[in-house]
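*Asks:* Predicted model follows, preceded by the sequence.
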Amino acid sequence: MSETKLGELLDAMPNIAKVVNTFTSDAVQQKAFAILMNALGAEDVDEQAEETRSQARAKGTAKRAAPKEKSGKPRKTPVGPPRLRADLNLRPKGKKSLRDFIGEKKPQTNEERFAVIIFYLEKELKEKGVDRDHVYTAFKELGVRAPVDIDAAIRMAASRKGWINNSDTADLKMTVHGENFVEHDLPATDGAKK
């Protein structure tokens, strides 16, 4: 494109923009722009516009298809059934056993058991990285039927009661609310609300 042609085109652009912007439809705006540009002698405006639209559509599709990155630590989702932890000693010498601790606290529901078990593992045994396998092993040690979907049960207990922080399923922790519940509200006395 010659400098003269370019100068004419640049001079005409404000008027072209006014005309094109009077239309509300993107498709009509693009068509009006192409017609006006062709009238000024700009070649292949329709083809260039279509190529630009195709590239934009391809970029949009690529963006939607690409997985979004998460900030921070990715959430770990357990796979398969829970397993017994052979390395977990729930009857340590010189410390209270899980059975004795449960006997003192007398949890009545699985939600309460989760809180007491995780409290015991975290505070009494100083276990790091408490996960569903720890909880499952504790249920087996107590001779109590474990929930069929222990992951869902822990999530439900965490969301309903707020006693457990399960933001990292490989590192379940007690919340302050949960610590207070286990330390001060258990065993429940008759008529006491939980």
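*Replies:* Nice, thanks for sending it over.
*Asks:* sec struct for the residue nearest to residue 140 when sequence neighbours are not counted, please.
*Replies:* The shortest distance from residue 140 to any non-neighbouring residue, by C-beta to C-beta, 6 or more residues apart in numbering, is to residue 84 (6.2 Å). Glycine gets a C-beta too; all of them are placed from N, C-alpha and C. Put simply, residue 84 is coil when judged by DSSP: H, G, I helix; E, B strand; the rest coil.
*Asks:* What count of nearby residues applies to residue 84?
*Replies:* Counted with other C-beta atoms under 10 Å, the neighbours of residue 84 add up to 11.
*Asks:* residues touching it, list them.
*Replies:* 133, 136-137, 140 (C-beta atoms under 8 Å, 6 or more residues apart in numbering).
*Asks:* so what's it scoring on pLDDT?
*Replies:* On pLDDT, residue 84 comes in at 96.
*Asks:* do residue 174 as well
*Replies:* 97.
*Asks:* could you list every residue that touches it?
*Replies:* 115, 118-119, 122-123, 163-165, 182.
*Asks:* got a markdown table for those, with distance to residue 27, neighbour count and secondary structure too?
*Replies:* Below are these laid out as a markdown table (distance: C-beta to C-beta, whole Å; neighbours: other C-beta atoms under 10 Å; DSSP: H, G, I helix; E, B strand; the rest coil):
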| residue | distance to residue 27 | neighbour count | secondary structure |
| --- | --- | --- | --- |
| 115 | 60 | 28 | helix |
| 118 | 59 | 27 | helix |
| 119 | 63 | 23 | helix |
| 122 | 61 | 19 | helix |
| 123 | 65 | 14 | helix |
| 163 | 57 | 23 | coil |
| 164 | 54 | 25 | strand |
| 165 | 52 | 16 | strand |
| 182 | 64 | 21 | helix |
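*Asks:* Of the residues you listed, just say which sits nearest to residue 33.
*Replies:* Of all those, residue 33 sits closest to residue 165, with 56.1 Å by C-beta to C-beta.
*Asks:* Excluding covalently adjacent residues, which one is nearest to that closest one?
*Replies:* Nearest non-adjacent residue to residue 165, counting by C-beta to C-beta, 6+ apart: residue 173, 4.5 Å away.
*Asks:* Backbone torsions only: list them for the one you found.
*Replies:* phi -140, psi 160 (degrees, to the nearest 10).
*Asks:* ok, now which ones touch it?
*Replies:* Counting by C-beta under 8 Å, 6+ apart, residue 173 has contacts 118, 122, 130, 164-165.
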